[in-house]
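1. How does the following fold in three dimensions:
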Amino acid sequence: MIKINVQRLMKHIKDLSKFGHDPNGGVTRFPFTAEEREAKRYIVHLMKQIGLEIYEDEIGNLFGKRVGTDSALPSILIGSHLDTVKNGGMFDGALGVLAGIEILQTMMEQGIQTRHSISVAAFTDEEGVRFSTGMLGSRALTGELQEEELFQYKDENGISIADAMVQCGYNPKLVHRARRCSKEFKAFLELHIEQGKVLESEQAPVGIVTGIVGVKWLKVTIRGEEGHAGTTPMAMRKDPVTVAARLIDFVEQKAQQSDGLRATVGSIRVFPGSINVIPREVELFFDIRHLSWELICQMEDDIQMFLSACCNTKGMTFTVEATHELKPVSCSPVLIEAIQTAAKRTGTKFLMLPSGAAHDAMILASLTKIGMVFVRSKGGISHSPLEWSDADDIEAAANILLHALLDIAEAEKI
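-> Numbering: from 1, shown residues only. Modelled structure (predicted):
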């Protein structure tokens, strides 16, 4: 049975992590930086070694194509991203790109030619850390990225996406040219670390993703009345923090009642924020996720109703603002079946599970069929220097993707 060279792949992963390596451990590789350019040069070097046709589009997405025997057929796209969070790990995103290159190198070495062309993609700025908005590359590919966003969003130094692009030799006015149409692609497949503990808890090295959960971020503001902590009787207070505490407990209980629902309060801000002052206002930021968009929206409605009941009785006010939304997507049943067949053929234990994190595949779903393969994460740790996936698990997942690709692309041996 054809297998990838996992030692070579692991070396490439380690080598790539040098670009943006933090002396204290971890990798920081933001979009439109010198570190990212160095990483791209390394990827181009690997692509050239195996004879791929290389192309970079107007947003900085990098592609390496292995041409198929029938140029009239749509291409199959595989890959992920190269950017990281601050002081992140070496596997998140990079594994998908490098595994794609390794798979195509294995095909070349085995003399396998496919009817459909297969392209490896390294998408720009999936994480969204630098500019507080992400999926730039995949959104440009689908036509969802608007030019005004490039000028609107800025990093902590006040540099806009557009400014950063210009510094790296890109023209933000031409970003619309990165858009591709659905007839160009047959499918998109992404290999990624799980970033969670499900596979580890079930002792499964590989996961086959059924869908990617929707995400809604809510900014909840509760307004009360500022007062002295020592002179205002408890019965006379309009303390927004007490309502916030009740709301957090309410949301926690509601989430536990719905299978797969995730609700997190990731940030709380209290104003004026003095220990001896009853706050006048509190802001809570909720992250709500599920495969059902209806369930996510129902949670938002429940929060509205709960706050209305609490605030009306206390003479307080509130607002609930949705600051970010990504609707859930389902992976293609055809691709899921191909991945399952490949997993059984390779004798690999696998688990069916949804992705609780957003990925470029989520955006590409509006352009073509998507499929995802997860690799077990040690301790479920990600976005950290401690992020790790064992070589054996990576080999198993990459081999599954290899054989699924061969089936999808209707391989012909030369």
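
2. The stretch 301-414 of the chain: helices as residue ranges?
-> Listed in chain order, the helices of the stretch 301-414 of the chain (DSSP state H, counting those that start in this stretch) span 333-346, 360-364, 391-408.

3. Point out the most buried one among these.
-> Mean neighbour count, computed with mean count of other Cβ atoms under 10 Å, is highest for helix 360-364 among these, reaching a mean of 26. For every residue, glycine as well, the C-beta is placed using N, CA and C.

4. Can you pull out the low-pLDDT segments for this structure?
-> 411-414 (pLDDT under 70).

5. Now for Asp83: which residues touch it?
-> Asp83 is in contact with Arg29, Phe30, Pro31, Glu36, Gly93, Thr124, Asp125, Glu126, Glu127, Val129, Arg130, counting by Cβ atoms under 8 Å, 6 or more residues apart in numbering.

6. wait, what's in contact with the last one?
-> Under the criterion of Cβ under 8 Å, 6+ apart, the neighbours of Arg130 are Phe30, Pro31, Phe32, Asp83, Asp155, Ala164.

7. Give me the phi and psi for Ala255.
-> phi -60, psi -40 (degrees, to the nearest 10).

8. Identify the residue spatially nearest to it, adjacent ones excluded.
-> Nearest residue to Ala255, sequence neighbours excluded (Cβ to Cβ, 6 or more residues apart in numbering): Ala263, at 4.0 Å.

9. go on, Ala164?
-> Of all residues not flanking Ala164 in the chain, Phe32 sits nearest, at 3.7 Å (Cβ to Cβ, 6+ apart).

10. What separation do you get for that neighbour and Ala391?
-> Phe32 sits 32 Å away from Ala391 when distances are taken as Cβ to Cβ, to the nearest Å.

11. just the helices in the stretch 151-300 of the chain please.
-> 161-167, 198-201, 240-256, 293-314.

12. Excluding its own residues, what touches stretch 141-161? List them.
-> 32, 57, 59, 61, 123, 130-133, 136, 139, 162, 164-165, 167, 172-173, 175-176, 178-180, 363-364, 366-367.

13. Going by neighbour count, which of those are buried?
-> For those, a burial check counting by 16 or more other Cβ atoms under 10 Å picks out 32, 57, 59, 61, 123, 130-131, 133, 136, 139, 162, 164-165, 172, 175, 178-180, 363-364, 366-367.

14. just to revisit the earlier point, next, format the contacts of Asp83 as CSV and append distance to Lys11 and secondary structure.
-> Shown next, in CSV, are the contacts of Asp83 (distance: Cβ to Cβ, whole Å; DSSP: H, G, I helix; E, B strand; the rest coil):
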residue, distance to Lys11, secondary structure
Arg29, 18, coil
Phe30, 24, coil
Pro31, 25, coil
Glu36, 21, helix
Gly93, 18, coil
Thr124, 25, coil
Asp125, 26, coil
Glu126, 24, coil
Glu127, 24, coil
Val129, 27, coil
Arg130, 28, coil
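
15. farthest-separated two in these?
-> Of all pairs drawn from the contacts of Asp83, the greatest distance, 14.2 Å, lies between Gly93 and Arg130 (Cβ to Cβ).

16. so which of the helices of the stretch 151-300 of the chain is the most packed in?
-> Comparing the helices of the stretch 151-300 of the chain by mean neighbour count (mean count of other Cβ under 10 Å), helix 161-167 ranks first with a mean of 20.

17. for that helix, the distance to its chain's centre please.
-> Taking Cα atoms, centre = their mean, to the nearest Å, one finds the center of helix 161-167 at 23 Å from the center of the full chain.

18. Tell me how many other residues crowd Phe271.
-> The burial count assigned to Phe271 is 15, neighbours taken as other Cβ atoms under 10 Å.

19. Identify the bridge partners of the spatially closest residue to it that is not a sequence neighbour.
-> Counting by Cβ to Cβ, 6+ apart, Phe271 lies nearest to Glu281, which is 4.5 Å off, once chain neighbours are set aside. Beta-bridge partners for Glu281, by DSSP bridges, are Arg223, Phe271.

20. rewinding a little: okay, the contacts of Asp83 in a markdown table with distance to Ile43 next?
-> Output for the contacts of Asp83, formatted as a markdown table (distance: Cβ to Cβ, whole Å):
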| residue | distance to Ile43 |
| --- | --- |
| Arg29 | 12 |
| Phe30 | 16 |
| Pro31 | 14 |
| Glu36 | 10 |
| Gly93 | 12 |
| Thr124 | 12 |
| Asp125 | 15 |
| Glu126 | 15 |
| Glu127 | 17 |
| Val129 | 20 |
| Arg130 | 19 |
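
21. neighbour-wise, which of the residues you listed leads?
-> Thr124 (32 neighbours).

22. Met135 is in contact with that one, correct?
-> No - assessed by Cβ atoms under 8 Å, Thr124 is found out of contact with Met135, at 9.1 Å.

23. Enumerate every residue touching Val129.
-> So Val129 contacts Phe30, Asp83, Thr84, Val85, Lys86 (Cβ under 8 Å, 6+ apart).

24. Next, format these as CSV and append distance to Lys327 and secondary structure.
-> Shown next, in CSV, are the contacts of Val129 (distance: Cβ to Cβ, whole Å; three-state DSSP):
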residue, distance to Lys327, secondary structure
Phe30, 27, coil
Asp83, 23, coil
Thr84, 26, coil
Val85, 23, coil
Lys86, 28, coil
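
25. Closest one of these to Val198?
-> Comparing the contacts of Val129 against Val198 with Cβ to Cβ places Val85 closest, at 21.0 Å.

26. What number of residues are in the vicinity of the closest one?
-> 20.

27. start to end distance for stretch 46-66?
-> 13 Å (Cα to Cα, to the nearest Å).

28. same check, this time on stretch 287-297
-> 12 Å.

29. who's in contact with that stretch?
-> Residues from elsewhere that reach stretch 287-297 (Cβ under 8 Å, 6+ apart): 210-211, 213-218, 258, 260-266, 299-300, 327-328, 330, 354, 356.
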